[in-house]
Structures are given as C-alpha cells and as structure tokens.
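Engineer: Give me a 3D structure for the following:
(chains A and B)
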Amino acid sequence: MKTGMTTTCETCPHYTSEGLKKMGVDADQADFVIALAGNPNTGKSTVFNALTGLRQHTGNWPGKTVAKAEGAFSYRGQKYKLVDLPGTYSLLSTSEDEEIARDFILFGQPTITIIVVDANRLERNLNLVLQILEITQNAILCLNLMDEAERNEIEIDVRTLSKDLGIPVIPTSARYKRGIPELLQAISEMANGQTQVQPHKIKRVPPNIEKAVNRLSKEIKKEFPGVPNSRWLAFRLLEGDPQIIQALKTGVFS
Amino acid sequence: MDKKNINHIIQLSKELRWQIGDDFHDHLTEGIYADAAQIVNDSVRLKNGKTTNRLDQKIDAIVTSKIWGFPIMFILLGLTLWLTIIGANYPSALLGHLLLDTVHPILKQGSEVIGLPFWLDGFLIDGVYLAVAWVVAVMLPPMAIFFPLFTLLEDFGYLPRVAFNLDHLFKKAGAHGKQALTMSMGFGCNAAGVVATRIIDSPRERLIAIITNNFSLCNGRWPTQILIATIFIGAVVPPLFSSLTALLAVIGIAVLGMFFMFASSWLLSKTVLKGEVSTFNLELPPYRPPRFWKTIYTSLIDRTLIVLWRAVVFAAPAGAVIWLISNIEINNLSIAFHLIQFFDDFGFLIGLNGVILLAYIVAIPANEIVIPTVLMLTVLVTGIDAGVGQGVLFELDSASATGAILREGGWTLLTAVNLMLFSLLHNPCSTTIYTIYKETNSVKWTTIATLYPILLGLAVTFLVAQFWRIF
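Structural biologist: Below you'll find the model as predicted:
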C-alpha cells in the first residue's frame, strides 16, 4: 500500500467506504453471511470492529476470542452478517475453539469466508488458509498487519499470491483502517457473483493417498451431488473423524 | 432431512485407511506445508535479506530470561498495584463524599417530604442505595486505573511472555501453560478468567484452570486487602515505611494465592484429574506499541463499566438484605445480632469473628461490599455511635477512623491477617459460580470449585490462629 496513492483513491467512488453502514449487533435478515477466520492474533477482531463499528475486545495475545461474535454492516444497500470466529492454527484437531471455527465454516454455510492472515508470518498462516480452501469455494484473503510487514521490509507480490491461491487477496492494516474500502469492494463483488475463484487444492499429497481420496470423494459425490468439498470430507473420513461421519449420516450436506 | 445410507462410504473409508497406513495425517500435513512453502517462495521477498524483529528478540531475551523474567513480572505487578492504590484514593474519597455525604441526605430529605413510610425509606435508601453507592465509590476508581493499565500491557504483547515464563511451573504442577493467561485475567475478574479457559484444549487441564482461578485475587478483593493492610499491617512499622509495608503485604497475599494455585493444580492433577500434560504452541506475538488513548477509552467502556454494572446489580439486593437483617428483630434483638452470636465461637476458632463470617455470607453476591458490611455490623454489635442508623452501609473518612471502629470491635493483628487470608481463600462470588456452571455444565465440578477454596481457607485460617495463639 503506497500511502501517496491514498488521497487519490479516496476521491474515487469505487474505492471509498462510502455506502458502508456499520450496524453493530443488529444482524437480522442479512442478505449474506460472512465468516472471519484466521490464525490467533492476526487481527480478526480488529477487522470485525472496523466493519461493524462494534468494540469487540482486542488484545495482543493469541486466543483472545474464544466464542464467535456476530455483528452486521450494510454496504451499497445490501446487508451482511459478520461472524468473528476464534483464531485457530488448523482445522484438524479438536479443541473447543477449533471446533467452533470449523463447524461454522462447514455447516454454517457462510456466503464468504474472509481469512485474515499476518503478512509477517505468511508461511505459517498458509497452513490454515490451504485447509479452509479445501472446504469452501468463496474465500478472500485479508493480508493484515501490512504496516508491520512494511516496517520489517517484507515485500509481498499480492498478484502472484492471489493467482497461486485462486482467490482475491486484499492487503490491509485494520488497526489504521487501511485497506478496509478495498476489502468491502471485494466482499461485495464476490457476494454478488462477480468474482471468479479457483481455490488452491492441496497438491503435494503422496500418490497412494491421492488415489484413495479420489475414490472416496467420488463415492461421496454420488451420494451428495451438491456438496462442494467432497475432497475435504474424504480427508476427514480417512482420518476417522466421528463428527463428520455423524454429519454425513444425518445428511447435513444434502 | 433424510437420513442417508452412507454405510458403504464408511466401509470404503475403512478399507482405504488400511491401505494407506498410519502416516496419513503426517503426509497430509507435510503436503500442506510443502505447498505453503512453495507459495511463499514465489510471492514473498525480504528486502536486504536481513532478519526481522531484531528489537523484539532483544526485548524477549530480557523479559523471558531465567534471571530477569520473574523480577520483571513482579515489578510490573507491583507497579500496576501501586499506581492503582495511590491513584484510586483521591477519586474514591471524592465519589464517596458526593454519593454518601451529599446525595444520600438529599434522598433522605426527599423521602421525608413525600412521606415515605420509615421501612420503605430504610429499605430503599439506607439499604439498596447505599450499597450501590459504596460499590461505585470503592470500585470505580481502582478499576478505571487497573483495567487500562492491564490492557496496555496486554496490547503491548506482554501477557504471552508471562505465560512463557510460567510455563514450566505449570507443567510441573500438571497443568496447561495457557493457564498463565487465564490466571492473569483472574486478577481482573474471576468470572472473566473462567470464561477465558476456553483456550485450553484438554478438558482435564481446563477444569484445573477453572477450579483454581479463584486463587487469583480479583478486583473485588483488592480493595479489602489494601484497606486491611493499610490499617493493621502498615501500623506495625514506623509511619515512613507504612505504605510500602502495606503494599508488600498485599503483593505477598497475591503471590500466596499463586502458590495455592500451583499447589492445588498439582494436587488435582495427581488425584481426581489425573492425566498427561498436553503440549501446545505458544506464539510470542510481536510487540506492538499500544494505541494509548484508544486503549484507555475502550477498556474504560468495555471492561470497567461492564464489571461495575455487574457489581451494582448484585450489590443492590445485598444492601437490602443487610438492612433487613439488622432491622427485623426477634426477642428484641435483630436477626443480624443472633447470627453474629451464632457464628462467634466458630469465628474465634479460625481467628476471625462472627461479624466477618456473617459479612461474607451476606456478601456472596459481590466481594466488594465485605468491608462496609463488616463495619456496619461491628458498629451494631459494639454499640459505638458512628452517627448512622442500624443497617446503614457507610464509609468512614479515613483509614484510621475505620481502624478505631474495628479495634473497638475486638480486632487484633491476627484478625487482620486472617481476614486477608480468608479474603483470598473463600468461595468464588455468585457470578463466578454461575459462570463455572455455564462453562462446565456440571453440578459436580461447580460444587467442587465452590467448596474447595472455602475449605482450604478454613483450614489455613484455623492453623494460623492456633499457631498464633501458641506463640
């Protein structure tokens, strides 16, 4: 983000947060549901506050948000419900906060999942990002803490990153409200079906596992034709995840 | 929704699991990390190739070092407390003067003018209003100082370092290292600390953290500790050192609480909550300069006012109860008097008295009204004239006036020491008990978490009293 550009951008109607109405906790009858996921201490709650105008407590320690918080905003006449999920490093284990996050992305069927990552620790953060991209089609990467990355002289090629991940990537510094207008724009475009996404699928899986996953995934698709994340379900079944087995039995996905 | 027949899918997954072997999870994780490394390699560059966060590492080398880690922690704790104690005095006196000496008489006059019956006037104004006014006057200033200071440390990124320093102690105690964070939250409010235990994955370690959180001296109890330490402990030494001694006594009690927390965690993990210590990754986040005014503002609005409101909600009915038991008489003596006599022998046994025990029972909803209740009941029993009616919560202008009343009521240094111990070691307040129930969903664990600290408190005060009287 070049600060010199900001003033020019702010005058352009497409790049202002004009049309943003922070609606606090009033989340009834929203047109879209947006989930905020990400590693602990990447600024999810700060992004949440910037969009909803709420003052969800933020603090500089991992694991501060333990339950999911909900808020709302409207942008260009459409109403969005925003759900702030507890920060997690992965979706593969079973602590309470991780389950809350995973269940919401999987069963809550959010229109969009915004994945907030720390630009300074991108590699570590991508572990969760790649897992989420197995679950959902509609995701936006919010590359947060860009101010710190600049201070640390880390340069990120946003365009390449976006191409590799197959989803929009928006650099932000939520603490200083930088990048929020761009984030809103991206949310609005994706929610209204104007964005092409092709989420990255985990590639470096040994061939024998890949084969097993493919077979299982095909069977799941046969039984649940609409399900977008049969591959991830196959991963979980191979691991013997009892909750996923239960969910399949009760037909949550059909 | 239809129940799907997915048995063939489950069956297939079982067969495939046999074929691909145990390493599936590891292979998948490795695959994810390999992908991540590739992506980062293609899009992230370090200018000049220099290592980042050098300053952070320098600070961490000091604050998490074996030599300096603990002293720095205690100095920061001491400094925070000192600023709270010193800073809260003046606004507390001001608020007390306004709410108790100015507004209260006006309300009394008002009720006289509109002709309220004496019992309604007493019940509402001397009971409910005064309890609420006391809580606001005593709690608001220290909270308005303590919470922002705590939040500043939190925003700066110091809390994870505390967790890091204490980790090996928790591990030795058979508990989870993240308990350090929930313990720190408990210093503000135990109910908040109990909710914060959700960050602990293992149910066993989470229960340990919940049960022992009460040993973190909470905001409702700091004022009691500070007042008693100032009156009795500070008076033992020459005036020049009295506030320093009082401060050290309070820190001593807080550290003793941490000792009991570790000992109890160890005991629980060796008996009813046996199990392995789980490992976890603790990321030390970068230090971030806090946004000073924003932090002050939000911690005032979000924490201080919310906790204050909770205290007021609980103090109001307690004030009503105090007024009622002091004014309803059986055989010409108030219910309070009967109860105090009833508790007196047992109170003596543990180095306290009937007044203190009754005050603790009445004040279960809100720890912060213990001291005013004690004062009010003491006046009632000793019959000294402090210029107020029966069952009226009041605040005396100075610590020395308070001390005079308490000595009149038969208080000694032992009473003071044991009150400080008992204030540390007793059942959680009702909000915390309710929170524990909501978090554990278990009557059994809620009961244990409620009774364990009070039994411990009775045992400790009993032992101290016996030894004190021998020597």
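
Engineer: Just list the residues touching residue 214, thanks.
Structural biologist: You didn't pick a chain, so chain A it is. residue A:234 (Cβ atoms under 8 Å, 6 or more residues apart in numbering or on different chains). Glycine gets a C-beta too; all of them are placed from N, C-alpha and C.

Engineer: um, chain B though
Structural biologist: Contacts of residue B:214 (Cβ under 8 Å, 6+ apart): B:186, B:190, B:427-428, B:432, B:449, B:453.

Engineer: Go through the residues you listed and flag which are in helices.
Structural biologist: Among the contacts of residue B:214, the residues falling in helices (DSSP state H) are B:186, B:190, B:432, B:449, B:453.

Engineer: What is the nearest of these to chain A?
Structural biologist: The closest of these to chain A turns out to be residue B:186 (Cβ to the nearest Cβ; 14.8 Å).

Engineer: got any ranges where chain B has weak pLDDT?
Structural biologist: B:1-5, B:48-54, B:85, B:278-283, B:302-303, B:307, B:310, B:365-366, B:368, B:380-400 (pLDDT under 70).

Engineer: longest helix of it?
Structural biologist: helix B:239-270.

Engineer: That one packs against which elements?
Structural biologist: Using 3 or more Cβ pairs under 8 Å, 6 or more residues apart in numbering or on different chains; DSSP states H and E, the elements in contact with helix B:239-270 are helix B:69-96, helix B:159-172, helix B:179-188, helix B:203-212, helix B:222-228, helix B:413-424, helix B:443-470.

Engineer: Report the angle between that helix and helix B:69-96.
Structural biologist: Calculated by axes from the mean of the first three to the mean of the last three Cα atoms, to 10 degrees, helix B:239-270 forms an angle of 120 degrees with helix B:69-96.

Engineer: For the helix or strand just after helix B:239-270, which residues meet the burial criterion?
Structural biologist: Once the chain leaves helix B:239-270, the next helix or strand it forms, by DSSP states H and E, is helix B:292-298. Under the neighbour-count criterion of 16 or more other Cβ atoms under 10 Å in any protein chain shown, helix B:292-298 has B:295-296, B:298 buried.

Engineer: Please compute how far helix B:292-298 lies from its chain's middle.
Structural biologist: Put simply, helix B:292-298 sits 23 Å off its chain's centre (Cα atoms, centre = their mean, to the nearest Å).

Engineer: Run a quick neighbour tally on residue 40.
Structural biologist: Since you didn't name a chain, this refers to chain A. A total of 21 residues lie near residue A:40 under the criterion other Cβ atoms under 10 Å in any protein chain shown.

Engineer: Oops, wrong one, chain B.
Structural biologist: For residue B:40, the count of nearby residues is 17 (other Cβ under 10 Å).

Engineer: Doesn't it lie inside a helix?
Structural biologist: Yes - assigned with DSSP: H, G, I helix; E, B strand; the rest coil, residue B:40 falls within a helix.

Engineer: hang on, it packs against residue A:126?
Structural biologist: Yes - Residue B:40 lies in contact with residue A:126 (Cβ atoms under 8 Å); the separation is 6.7 Å.

Engineer: on that earlier part again, I'd like a version of the ones in helices among the contacts of residue B:214 in a markdown table, one that adds distance to residue A:233 as further columns.
Structural biologist: Below are the ones in helices among the contacts of residue B:214 laid out as a markdown table (distance: Cβ to Cβ, whole Å):
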| residue | distance to residue A:233 |
| --- | --- |
| B:186 | 41 |
| B:190 | 42 |
| B:432 | 41 |
| B:449 | 40 |
| B:453 | 46 |
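
Engineer: Contact partners for the nearest residue to residue B:289 once chain neighbours are set aside?
Structural biologist: Spatial nearest neighbour of residue B:289, chain neighbours left out: residue B:156 (7.3 Å); criterion: Cβ to Cβ, 6 or more residues apart in numbering or on different chains. Listed by Cβ under 8 Å, 6+ apart, the contact set of residue B:156 reads A:60, B:287-290.

Engineer: and if you look at residue B:422?
Structural biologist: The contact partners of residue B:422, by Cβ under 8 Å, 6+ apart, come to B:350, B:352, B:356, B:360, B:457, B:461.

Engineer: I'd say the third one and residue B:419 touch.
Structural biologist: Yes - under the criterion of Cβ under 8 Å, residue B:356 lies in contact with residue B:419, with a separation of 6.0 Å.

Engineer: just to revisit the earlier point, among the contacts of residue B:156, which one sits closest to residue A:19?
Structural biologist: Of all the contacts of residue B:156, residue A:19 sits closest to residue B:288, with 30.8 Å by Cβ to Cβ.

Engineer: Please report how far the nearest residue in space to residue B:40 that is not next to it in sequence lies from residue A:241.
Structural biologist: The shortest distance from residue B:40 to any residue other than its chain neighbours is 4.3 Å, reached at residue A:123 (Cβ to Cβ, 6+ apart). Counting by Cβ to Cβ, to the nearest Å, the separation of residue A:123 from residue A:241 is 26 Å.

Engineer: Also residue B:104?
Structural biologist: Distance from residue B:104 to residue A:241, by Cβ to Cβ: 63 Å.

Engineer: Compare neighbour counts for the two and give me the winner.
Structural biologist: Neighbours per residue, other Cβ under 10 Å: of residue B:104 and residue A:241, the larger number sits with residue B:104, 19 against 16.

Engineer: need the helices and strands packed on helix B:239-270 in TSV with distance to residue A:218, can you?
Structural biologist: Listed next are these as TSV, based on distance: least, Cβ to Cβ, whole Å:
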stretch	distance to residue A:218
helix B:69-96	55
helix B:159-172	45
helix B:179-188	45
helix B:203-212	37
helix B:222-228	63
helix B:413-424	63
helix B:443-470	46
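
Engineer: mind checking which of these is nearest residue A:130?
Structural biologist: helix B:159-172 (25.5 Å).

Engineer: For that closest one, what is the distance to the chain centroid?
Structural biologist: 19 Å.

Engineer: Likewise for stretch B:225-235?
Structural biologist: 19 Å.
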